[in-house]
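Student: Structure of the sequence below:
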Amino acid sequence: MGGRPRVLVVNDDVPLAETVRSLLCSEGYEARVAFDGIEAVEAFADWPADLILLDLLMPRLDGWGFLKQRARDPALQRAPVLVWSVAPAEELERARSMGATECLPRAATSPDLLLDSVARLVGQPPS
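Tutor: Residues are numbered from 1 along each chain as shown. Have a look, this model is predicted:
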């Protein structure tokens, strides 16, 4: 894709999603926000991201539905998925079994840890 790595933030918590987008942009990423899985699929079609940062608990199409749709869509499969959610550990393991590349518990993840995971998954050295 060239240029700055692209991260699609998929989270229905508007202030949190915008804060994460700003954090990513301040670290040199291009970042966009989708507020549910339907918006994420539509955004990815127009703006293929290098990484999808996915919440599991959202209205309309939640993270589970997005992972199921991703399993059927070769274009979506090109980007790794980093699940970052308040869901319990067993649900994070379930997300991994459904194709998530990595899963982080939101409450136990510092901004630095989140940025390190993003950098690793897009193949960039951490800042």
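Student: what residue is smack in the middle of the chain?
Tutor: Leu53 (0.9 Å; CA atoms, centre = their mean).
Student: correct me, but that one touches Val10?
Tutor: Yes. Between Leu53 and Val10 a contact is recorded at 6.6 Å, counting by CB atoms under 8 Å. For every residue, glycine as well, the C-beta is placed using N, CA and C.
Student: where in this protein is pLDDT low?
Tutor: Along the chain, segments meeting pLDDT under 70 span 1-2, 124-127.
Student: Now the longest helix anywhere in it: buried residues?
Tutor: Secondary structure assigned by DSSP state H gives helix 14-26 as the longest helix of the chain. Buried residues in helix 14-26, counting neighbours by 16 or more other CB atoms under 10 Å, are found at 17, 20-21, 23-24.
Student: Give me the contacts around that helix.
Tutor: 7, 9, 11, 31-33, 35, 53, 111, 114-115, 118 (CB atoms under 8 Å, 6 or more residues apart in numbering).
Student: Distance check, Cys25 against Leu8.
Tutor: Cys25 sits 13 Å away from Leu8, going by CB to CB, to the nearest Å.
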